[in-house]
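Trainee: give me coordinates for this.
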Amino acid sequence: MSLLDEVEVLDGRRRNDARGWLHVALGESQLPEGARFGELYIVHSHAVGERRGDHLHHGMDEWFAVVSGRADLELLDPGTGERRTIELQAEAAHTVRVPAGLAHCLVNTGPGPMTAIAWATAEHDPGDVITCATA
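Mentor: The predicted structure is shown next:
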């Protein structure tokens, strides 16, 4: 079995009006039993083609949602060599759960800057960041 089989694409909600937008990326009902809160962070890329990630973590799951712009979430199971790419864009309001052990990278697909919100089940630990190119 591949870790890619554990990837979940969840529906979010996005509401637009004259003031701007509200993007709900993840709700408590969408979390797996026993999921812990580690940290919430923002990932931003200025340039089209810029890569953010190309690593994996053994100690935490992460959820990613693009809230501005567009990105490909590239995934690689280092155990099997299987790859998968999930297209994310703010307007579609999807959130993807990446399980521990799966290499991942957000790639800005443009046409301009990209901003994503991410949630992890553990606080950042530099010792748990293992470089692993997804492309």
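Trainee: spatially central residue in this protein, please.
Mentor: Nearest to the geometric centre of the chain sits residue 64, at 2.5 Å (CA atoms, centre = their mean).
Trainee: you'd agree that one is up against residue 94?
Mentor: No. Using CB atoms under 8 Å, residue 64 makes no contact with residue 94, being 9.3 Å away. For glycine as for every other residue, the C-beta is placed from the backbone atoms N, C-alpha and C.
Trainee: shared neighbours of the two, anything?
Mentor: Residues touching both residue 64 and residue 94 (CB atoms under 8 Å, 6 or more residues apart in numbering) are residue 88.
Trainee: which residues does the residue of the chain positioned farthest from its centre contact?
Mentor: Distance from the centre of the chain peaks at residue 18, with 28.1 Å (CA atoms, centre = their mean). Applying CB under 8 Å, 6+ apart to residue 18 gives no contacts.
Trainee: quick one, phi/psi of it?
Mentor: Main-chain dihedrals, residue 18, degrees, to the nearest 10: phi -60, psi -20.
Trainee: if I look at it, how far off is residue 83?
Mentor: Distance, residue 18 to residue 83, using CB to CB, to the nearest Å: 42 Å.
Trainee: one more: residue 127?
Mentor: 26 Å.
Trainee: look at those two and report which has more neighbours.
Mentor: When neighbours are counted by other CB atoms under 10 Å, residue 127 and residue 83 differ, and residue 83 comes out ahead with 13 against 8.
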